[in-house]
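Trainee: Below are the sequence and a predicted model for it; my questions follow.
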Amino acid sequence: MPFRLNRRQIISGMAATGALAAAPLRDAFGQARVQITEGNVAPLPIALPNFVAGTPADAEVGVGVAQVITNNLKRSGLFAPIDQAAYIEKITNIDSPPQFNSWKSINAQALVTGRMTRQGDGRLKAEFRLWDVATGQQLTGQQYFTSPEYWRRIAHIISDQIYERLTGEKGYFDSRVVFIDETGPKERRVKRLALMDQDGANVRYLTRGTDLVLTPRFSPSTQEITYMEFGQGDPRVYLFNIETGQREIVGNFPGMSFSPRFSPDGQRVIMSLQQGGNSNLFVMDLRSKSTTRLTDAPAIDTSPSYAPDGSKICFESDRGGKPQIYVMAATGGAAQRISFGEGSYSTPVWSPRGDYIAFTKQGGGQFSIGIMKPDGSGERLLTSGFHNEGPTFAPNGRVLMFFRDPGGNGGPSLFTVDISGRNEQRVPTPGFASDPAWSPLLS
Amino acid sequence: MKLEKIDKTLVASVALHVLVIGWGLLSFSSKAFELPPQDAVAVDTISEDQLAKVMAGMKSGKKESPKPLVEKVAEAKPPVEDAVGKISEKAPVVTETAPPPEPKPPEKIVEKPVEKKPDPIAEALKKEETKPPPKPQVAAAKPPAPAKPKTERVFDAAKMAALIDKRDPSRQAMTGDTLNSNAALGLAKGKSADNSATWGALFQSQVERCWKKPYGGIEAQKSEAAFVIRLKRDGTLESMPQPEGTPATPFLRVYQESALRAIIECQPYNLPAAFFEEWKFFAPVFTDRRP
């Protein structure tokens, strides 16, 4: 076969040669190099005018979408949306470039323009463009079609696009949170399984509250939830299908089964089984229903969580006296202790990025949420107080959600915090809320 | 008997202790605690242009300090053409055993190796001999010839240092009749080594105010974005900054864009006009790499 290059290959080859040849030349000129190291890690000022209405009937949804995006970006702590009252230019047509000088003068660094249009077939068309105000470049632009009732999801998806383009990291706005909704007086608290968008909107209750439910966890497909429920007998691990509302018991074991979690491929559920005074880790294949024992120690092994590649698990065990975090191969075997600080460690959860393990730490009369690297180094506490517990990672591994109970007659509520420890925010819920679990991205 | 003896030593011991402790109490406690008065340091705020001038030292610059540099009050010495001294005119280091240098005064003279500070006695003696010049001028950095003849041949350990020291003598306290700590305009070279330290710092402080760094967690610690920029005399960009290389990751792209935004937004740059030739074309490097 003869060796042929197409035009693109020739051009790119020439460009590469040119670049290689130019590099030493540039150095030879030896301009002074001035180092700049101290920028401000400050939220990026962004302008988000209301989306233009394609037809007069779409004005309301245009305002709603802009508000949801503004709220998402603001809550992330990485953006500072500029108040709409300060805008000089009114965007009426998103197909022509905006007047960048008028956005520069209000210090906007990025500008989002968009349009919502109801189609003839009843669907909603959403378009947006993200502009770099300084350079006048369009950074990204997309259009989507959806049913009108899913306008909030479209707003979350656009938020993710903006977040990803301006931070270089995946977003997390198009995701849900399952949690335990708590109502009623403290001694007769009704606990229901509830589902909401990550920003607290669209709350749905999945159980009626007749039985106590705990530790819900999402499946990677986001269609199923596994949780523990105190029924008539021992607490059991259940599977719940969000779409159909069906639920089933995972395995039929003598004694209590608890703290379940899905494997990254969604094919297995790992959990603790009580055996006498001890509890051990087991993994159950959801298709074949076969169960494999992973630990066999005279201790309480619980709260297992898979690494994102599924090769390892981290879990909590008191085999060394106090509860500490251990890491071992997903197939079982020798476990290595990774937590060595003062106090006890519990509820470890592996980040979806694989870089950190978040945990609850108890010591000195306080409960803290912290992170450490999977080898146990770099431990950092993000928040401390009377009672903080149950961390769960956002799909991009940048944000943690947990629940905080201030003590007294109140009840727990949900909070988010950046893994840097900054930007702590309360998540709005209808009542008290605990045990959150963040879903992967929905799309 | 025995008891008495023991008692005596005990008494002596107690008496001694009382004495020592009493003396200590008196002498140590009686000293008042005094804080030496602090010297006030005057700080002047100067403009960027003034700073640039201090650093640059243009030979052709306007003379702002008519008085010559004087650090010591003493009899002024006649000026020497070359204050720093040329290598060829390096004063020969004289040792006890070395042959004396070709002497200007006839007799064998043991010339003192050139030292940093002039001999006060020698100067006092010289006062008698030399007539003051009409104008006080910058003193010689290297008084080559007329040193005081010394006849005693004494081993002086201090001279060993001079023997080992092969450096050119280049600095000597300037003497004159009134103190004036202001150096004349400029250094010997006419320019400081690299003025980019001056205008670079100015550029840096201005562009940093506009730079909103993206927060990238762990990845951010290795980020770097370099550009080549051309500025006009008024401090505005002549053309769009040219990024060096294409970013390898989405985060590096965002990092580069944030730096680009900062360069564009912060113009015009207020940089010293004297160095326009240097800052009209240079490479700002935005970096989080710590050495």
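Mentor: Now that the structure is in, tell me what you want to look at.
Trainee: average pLDDT for the lengthiest helix in chain B?
Mentor: As assigned by DSSP state H, the longest helix anywhere in chain B is helix B:2-29. Average pLDDT, helix B:2-29: 81.
Trainee: Up against chain A, what does the stretch 1-150 of chain B have?
Mentor: Residues of the stretch 1-150 of chain B found near chain A (C-beta under 8 Å from any C-beta of the partner chain): none. Yep, even glycine has a C-beta here, placed from its N, CA and C like the rest.
Trainee: so where's the stretch 1-150 of chain B uncertain?
Mentor: B:1-6, B:29-44, B:48-150 (pLDDT under 70).
Trainee: 80 instead?
Mentor: Low-confidence segments of the stretch 1-150 of chain B (pLDDT under 80): B:1-6, B:26-150.
Trainee: what separates the residue nearest to the spatial centre of chain A from A:Asn202, distance-wise?
Mentor: Centroid-nearest residue in chain A: A:Ala394, 1.5 Å away (criterion: C-alpha atoms, centre = their mean). Separation of A:Ala394 from A:Asn202 (C-beta to C-beta, to the nearest Å): 17 Å.
Trainee: Next: A:Gly397.
Mentor: 24 Å.
Trainee: For these two, indicate the residue with more neighbours.
Mentor: Comparing A:Gly397 with A:Asn202 by other C-beta atoms under 10 Å in any protein chain shown, the one with more neighbours is A:Gly397, at 22 against 11.
Trainee: Spatially, which residue comes closest to that one, not counting chain neighbours?
Mentor: A:Arg353 (3.5 Å; C-beta to C-beta, 6 or more residues apart in numbering or on different chains).
Trainee: how close does that neighbour get to A:Pro185?
Mentor: Distance from A:Arg353 to A:Pro185, by C-beta to C-beta: 41 Å.
Trainee: How much space separates B:Val11 from B:Val18?
Mentor: 11 Å.
Trainee: I misspoke; the intended subject was A:Gly184.
Mentor: Taken as C-beta to C-beta, the span from A:Gly184 to B:Val18 is 80 Å.
Trainee: So the two - more neighbours on which side?
Mentor: Between A:Gly184 and B:Val18, counted using other C-beta under 10 Å, the more crowded position is A:Gly184 (13 against 10).
Trainee: these two touch, right, the more buried one and A:Arg192?
Mentor: No - at 10.5 Å, A:Gly184 does not count as touching A:Arg192 under the criterion of C-beta atoms under 8 Å.
Trainee: for the stretch 151-291 of chain B, what spans make up the strands?
Mentor: B:175-176, B:224-230, B:242-243, B:281-287 (DSSP state E, counting those that start in this stretch).
Trainee: among those, which is nearest chain A?
Mentor: strand B:281-287 (4.5 Å; C-beta to the nearest C-beta).
Trainee: What strands line up against the closest one, and which way round?
Mentor: strand A:33-36 (parallel), strand B:224-230 (antiparallel) (DSSP bridges).
Trainee: Neighbour count: A:Arg353 and A:Pro185, which is higher?
Mentor: A:Arg353 (17 against 9).
Trainee: List the residues that contact that one.
Mentor: Neighbouring residues of A:Arg353 by C-beta atoms under 8 Å, 6 or more residues apart in numbering or on different chains: A:Pro308, A:Asn396, A:Gly397.
Trainee: The second one: how many residues sit nearby?
Mentor: Neighbour count of A:Asn396, defined by other C-beta under 10 Å: 20.
Trainee: List phi and psi for it.
Mentor: phi -100, psi 0 (degrees, to the nearest 10).
Trainee: What pLDDT is listed against the closest residue to A:Met372 other than its chain neighbours?
Mentor: Distance criterion C-beta to C-beta, 6+ apart; nearest residue to A:Met372, sequence neighbours excluded, is A:Glu379 at 4.2 Å. A:Glu379 is assigned 91 on the pLDDT scale.
Trainee: do the same with the one 3 residues further on
Mentor: pLDDT, the model's per-residue confidence, is 93 for A:Leu382.
Trainee: hmm, the helix or strand where it lies in reach of chain B?
Mentor: When elements are assigned from DSSP states H and E, A:Leu382 belongs to strand A:380-385. No - using C-beta under 8 Å from any C-beta, strand A:380-385 stays clear of chain B, with a minimum separation of 12.0 Å.
Trainee: Compute the number of surrounding residues for A:Val63.
Mentor: 15.
Trainee: How about the one 10 residues further on?
Mentor: Residues within reach of A:Leu73, counting by other C-beta under 10 Å, total 25.
Trainee: ok, and the closest non-adjacent residue to it?
Mentor: Here the residue nearest A:Leu73, using C-beta to C-beta, 6+ apart, is A:Phe79, at 3.9 Å.
Trainee: So what pairs up with that neighbour in the strands?
Mentor: Assigned bridge partners for A:Phe79, using DSSP bridges, are A:Leu44.
Trainee: That one reaches A:Ile46, doesn't it?
Mentor: Yes - contact criterion C-beta under 8 Å: A:Phe79 and A:Ile46 qualify, at 5.1 Å.
Trainee: For these two, list the residues in contact with both.
Mentor: Common neighbours of A:Phe79 and A:Ile46 (C-beta under 8 Å, 6+ apart) are A:Leu73, A:Leu166.
Trainee: how many neighbours does the residue in the stretch 151-300 of chain A positioned nearest to chain B have?
Mentor: Residue of the stretch 151-300 of chain A nearest chain B, by C-beta to the nearest C-beta: A:Gly168 (3.2 Å). Close neighbours of A:Gly168, defined as other C-beta under 10 Å, add up to 23.
Trainee: Same question for A:Asn409.
Mentor: With other C-beta under 10 Å as criterion, A:Asn409 counts 7.
Trainee: That one touches A:Phe432, doesn't it?
Mentor: No - A:Asn409 is beyond contact range of A:Phe432, at 11.1 Å (criterion: C-beta under 8 Å).
Trainee: host element of the residue nearest to A:Gly397?
Mentor: Using DSSP H and E, no helix or strand contains A:Arg353.
Trainee: Name the residues of chain A found near chain B, please.
Mentor: A:26, A:31-45, A:78, A:104, A:109, A:132, A:134-135, A:139, A:164-169, A:355, A:398, A:419-420.
Trainee: Mind checking which of those land in helices?
Mentor: Per DSSP H, these map to helices at A:Arg26, A:Lys104, A:Glu164, A:Arg165, A:Leu166, A:Thr167.
Trainee: still on that earlier bit, with respect to B:Pro272, which of the strands paired with strand B:281-287 lies nearest?
Mentor: Nearest of the strands paired with strand B:281-287 to B:Pro272, taken as C-beta to C-beta: strand A:33-36 at 14.0 Å.
Trainee: how many other residues sit next to residue 46?
Mentor: Assuming you mean chain A. 23.
Trainee: The chain in question should be chain B.
Mentor: Neighbours of B:Ile46 (other C-beta under 10 Å): 10.
Trainee: State the helix or strand in which it lies.
Mentor: Counting by DSSP H and E, B:Ile46 is found in no helix or strand.
Trainee: Pop the domain breakdown of chain A in here.
Mentor: Per the record, chain A has its domains at A:2-167, A:176-438, by automatic domain parsing.
Trainee: ranking the ones you listed by burial, who's on top?
Mentor: Of those, the one with the most neighbours on average (mean count of other C-beta atoms under 10 Å in any protein chain shown) is domain A:176-438, at a mean of 18.
Trainee: how long is that one from one end to the other?
Mentor: For domain A:176-438, the first-to-last residue distance is 6 Å (C-alpha to C-alpha, to the nearest Å).
Trainee: No further questions, thank you.
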